[in-house]
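Novice: A predicted structure for the sequence below; I have some questions about it.
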Amino acid sequence: MSSDAELIGRSLRGDTDAFVEVISRHETALGNYLARRVGRQAAEDVLGDVWVAAYESRAKYDPAYPEARPWLYGVALNMLRRHWRSARAEEPASDLTGVASDWNPWPGVDVRVDAQALLGRALARLKPEEREVLGLVAWEDLTVAEAGRVLDIPAGTARRLLHQARKALREAPEVVALLQVPTT
């Protein structure tokens with residue numbers, strides 16, 4: 001099986017099917033990464049932009065790295081940033097005051113929703129670069145060195161940012177509250 005670097009090299013020499021192979025290897029992972037960031041609908045559009053940008057910039061790919069996944073995440077991150085800059089402000093939430101205050105159809109989900117909200121607030125408090133490294137390592141299953149490549153920072157800096165993110169999350173009041181076991 002050819003490495004991604006070999007396939008990209010072949011695509012530069014005119015073999016268009018070679019780049020299609022790179023896409024097929026990584027489209028699910030990149031699609032999921034984008035969907036977690038902007039939702040499934042927008043992710044489909046952004047993913048198309050990722051493949052166009054990657055194809056157009058494939059001559060800049062460093063063949064010293066056999067796997068293109070970190071490079072593709074970097075392209076995806078740049079496309080996400082472009083998407084966020086061009087996206088219009090979100091519509092405000094509709095007025096929910098008309099909903100009866102005692103109406104609660106899903107009591108079993110309350111704890112999970114609360115936990116998600118608390119964790120979301122704790123993650124929002126992280127510095128953007130800490131959140132990026134944590135997301136790439138925890139959710140995208142990249143190594144710290146690969147996350148550094150995606151973000152164009154040294155591996156040591158990525159390690160420090162990951163450490164800071166983990167430390168901040170361990171000490172976040174929201175996370176501490178989640179870890180408290182209620183006594184009955």
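Specialist: On my side now, so go ahead.
Novice: Now for the residue nearest the centre of the chain: which residues touch it?
Specialist: The centroid of the chain falls nearest to residue 33 when counting by CA atoms, centre = their mean (4.4 Å). Residues near residue 33 by CB atoms under 8 Å, 6 or more residues apart in numbering: 73, 76, 139, 140. The way it works is simple: take the backbone N, C-alpha and C, and place the C-beta from them, glycine included.
Novice: Pull the most distant pair out of those residues.
Specialist: Largest separation among the contacts of residue 33 by CB to CB: 76 and 139, giving 13.0 Å.
Novice: mind checking which helix or strand the residue nearest to the centre of the chain is in?
Specialist: Assigned by DSSP states H and E, residue 33 belongs to helix 16-38.
Novice: Could you check whichever helix or strand comes after that helix and say which residues are buried?
Specialist: Sequence order places helix 40-56 as the next helix or strand after helix 16-38, per DSSP H and E. Neighbour-count burial for helix 40-56, counted by 16 or more other CB atoms under 10 Å, picks out 43, 46, 47, 49, 50, 51, 53, 54, 55.
Novice: right, and out of the residues you listed, which lies closest to residue 1?
Specialist: When these are compared for distance to residue 1 (CB to CB), residue 54 wins out at 19.9 Å.
Novice: what residues are up against the nearest residue to residue 45 once chain neighbours are set aside?
Specialist: Leaving out its chain neighbours, the residue that sits closest to residue 45 by CB to CB, 6 or more residues apart in numbering is residue 83, at 7.9 Å. Contact analysis of residue 83 by CB under 8 Å, 6+ apart lists 38, 42, 45, 46, 49.
Novice: what's the angle between the helix or strand hosting residue 129 and helix 16-38?
Specialist: Secondary-structure element containing residue 129, defined by DSSP H and E: helix 128-138. Helix 128-138 and helix 16-38 are oriented at 120 degrees to each other (axes from the mean of the first three to the mean of the last three CA atoms, to 10 degrees).
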